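S.K.: sequence first, predicted model second:
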Amino acid sequence: MNKRIAKTIGVLSIILSVGCESPQKEILMPETDLKSENLIPMPSSIVAANSGFRLDQYTRIETSPDNASLQEVASYLSDKITEKTGLRLDSNINESQKNDAVIYFRQNTDKSWPNDEAYILSIKKDSLILEAPTAKAAFRGVQTIRQLIPEVSNDSLAEHSIWPISTGIIEDHPNFEYRGSMLDVARHFFSVEDVKKYIDILAYYKINVLHLHLTDDQGWRIEIKSWPKLTEIGGSTEVGGGAGGFYTQEDYKEIVAYAAVRHMMIVPEIDMPGHTNAASVSYPFLDGTGKTPKLYQGRHVGFSTFDTRKDTVYSFIDDVVREISAITPGPYFHIGGDESHVTKKGDYNYFVNKVEKIVQKYEKIMIGWDEIVTAEVDSESIAQFWADESNATTAIEKGMKVILSPAKKAYLDMQYDTLSPYGLHWAAYIPVDTAYVWNPETYVPQIPKDMILGVEAPLWSETISNIEELEYLAFPRVIGYSELSWSLEENRDWENFRVRLANQTPFLDMMNVKYYASPRIDWVKNKRAYKEILKD
């Protein structure tokens, strides 16, 4: 890096600096309004400067050579700029090029930040500065930069293509630390590539957790080396009788690594003591119903259970938790715990207490659906509220934090309306506006905000069997959940959001997302596609 620049910006900096083309005259940029950009989720604060910053072929990317994590984020941004604009930005700089457009990353650990995902984006005519305390905070800021880049270039400004970016200052930080979606790969199996695509779209909207529901009555989807029949037998089917499938541990590690580059955490779920038919078919000693289990392809729930009083069951669980924990760097392990209707209450509570200790043995924090609070669980464990508000309030009384996933508002597998070809409606019909118009901070009045870990939108897969059907149910609703979990309550407004949502079509089309084009949204024409049509 040029020493004079390094002295100016300090160590570990990120400045997107655009000046005049060295050999050319200054280009007059159009006035723009940063506040009118279609950013989702809505940032904490936006101050517009009403001018333009120039992104073009002369823009360069630089970051401190001794910060590998920021270099990784810078490389990610470079790739996404190429993907969107076709520009391949150089990362070198020398004296003759010092006035060209330059990109730097600035890590500031001295400033007092609201949290470790906060960032400040300062955009001027000749510079764009992204300042953040951590690499993951810089990554969140990069998503904002991606959204600020116009879909098409302004070719009237110069002889080469220019993408004008609105100037001003954005100060931003998440409202909740846990912002997630759950994907049920047990009822129907989804490939590694499908999961990666889902991760990419979620990351664009600053979602930082993907919870994988890996086991259920219809399928066991994760290789356990010490218990191979779980996937050989339990992974062989799915709802409706399909071939099923499973992730090898190498597949799972590939998903975890892919998510990590996008600063997203994978939370594995092994659902128990109910929803365990696939496990018990594989190893019948696990079954606690007194029946000989068979592979199950239906949708009914609540009929299966582990034998909660058998020591060998806990030896089995210990092996499962140990193997999965060893390849999961995140702090959480989800034990399920829902709809265990044939497990006696005393047996259920005994089971949860035993499994919690196993999870803690492998240095993970236990998460469970809200039913787990009936047991004597540790205050460090987390309850995921989906159905029973009294369970949620009991969790608070026990000092536990809560993840909000109310089925009536946040379940992605609920139908939009009576015409929806996929999904269910046992909890509610959830159109796009209903999904957005609620406040996590006050949805359960007895839960103080500081006890809410975050918001998660679960997608159960009984009625969907491929990525296109998954996308239909998830999008656009999960985009709204990203704002509910990131943006401050005072910055959330349905009428404003629906306009910004309508302008997400270029990104969704670029990603080939088969989203539900809700008639409640005035979807904006894809300018990029329209421009390509005119070229042809």
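M.R.: Arrived safely, thanks for sending.
S.K.: burial of Ile447, as a residue count?
M.R.: 21 (other Cβ atoms under 10 Å). To be clear about C-beta, it is placed using only N, CA and C from the backbone, and glycine gets the same treatment.
S.K.: Asn175 now?
M.R.: As a burial measure, Asn175 scores 24 neighbours (other Cβ under 10 Å).
S.K.: give me the three-state assignment for it.
M.R.: coil (DSSP: H, G, I helix; E, B strand; the rest coil).
S.K.: what's the distance between it and Ser45?
M.R.: Distance, Asn175 to Ser45, by Cβ to Cβ, to the nearest Å: 13 Å.
S.K.: so who does Asn391 touch?
M.R.: Counting by Cβ atoms under 8 Å, 6 or more residues apart in numbering, Asn391 makes contact with 370-371, 373-374, 383, 385.
S.K.: from those, which single one is nearest Lys80?
M.R.: Closest approach to Lys80 among the contacts of Asn391 (Cβ to Cβ): Phe385, at 35.0 Å.
S.K.: wait, the closest one touches Val402, no?
M.R.: Yes - assessed by Cβ atoms under 8 Å, Phe385 is found in contact with Val402 at 5.4 Å.
S.K.: list residues touching both of those two?
M.R.: Joint contacts of Phe385 and Val402 (Cβ under 8 Å, 6+ apart) are 392, 395, 444.
S.K.: now those in JSON lines, with secondary structure, distance to Ala135 and neighbour count?
M.R.: As requested, the shared contacts of Phe385 and Val402 are exported to JSON lines (DSSP: H, G, I helix; E, B strand; the rest coil; distance: Cβ to Cβ, whole Å; neighbours: other Cβ atoms under 10 Å):
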{"residue": "Ala392", "secondary structure": "helix", "distance to Ala135": "34", "neighbour count": "26"}
{"residue": "Ala395", "secondary structure": "helix", "distance to Ala135": "32", "neighbour count": "26"}
{"residue": "Val444", "secondary structure": "coil", "distance to Ala135": "34", "neighbour count": "18"}
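S.K.: which one of those residues is nearest Pro273?
M.R.: Once Cβ to Cβ is applied, the member of the shared contacts of Phe385 and Val402 that ends up nearest Pro273 is Ala395, at 19.4 Å.
S.K.: how close does the residue minimising distance to the centre of the chain get to Ser315?
M.R.: Taking Cα atoms, centre = their mean, the centroid of the chain lies closest to Ile207, which sits 3.2 Å from it. From Ile207 across to Ser315, the span is 36 Å (Cβ to Cβ).
S.K.: hey, where'd the strands end up in the stretch 201-350 of the chain?
M.R.: Using DSSP state E, counting those that start in this stretch, the strands found in the stretch 201-350 of the chain span residues 209-213, 215-216, 219-220, 265-269, 332-334.
S.K.: closest to Asp347 out of those?
M.R.: Here strand 215-216 is closest among the strands of the stretch 201-350 of the chain (Cβ to Cβ), at 19.5 Å.
S.K.: pull the helix or strand with minimum mean pLDDT from the chain.
M.R.: Ranked by mean pLDDT, DSSP states H and E, the helix or strand of the chain with the weakest confidence is helix 3-9, at a mean of 35.
S.K.: hmm, Arg309 and Asp347 touching each other?
M.R.: Yes - Asp347 lies in contact with Arg309 (Cβ under 8 Å); the separation is 6.6 Å.
S.K.: re the thing from before, so which of the shared contacts of Phe385 and Val402 comes closest to Glu363?
M.R.: Ala395 (22.0 Å).
S.K.: what sits closest to that closest one if chain neighbours are left out?
M.R.: Of all residues not flanking Ala395 in the chain, Ala383 sits nearest, at 3.8 Å (Cβ to Cβ, 6 or more residues apart in numbering).
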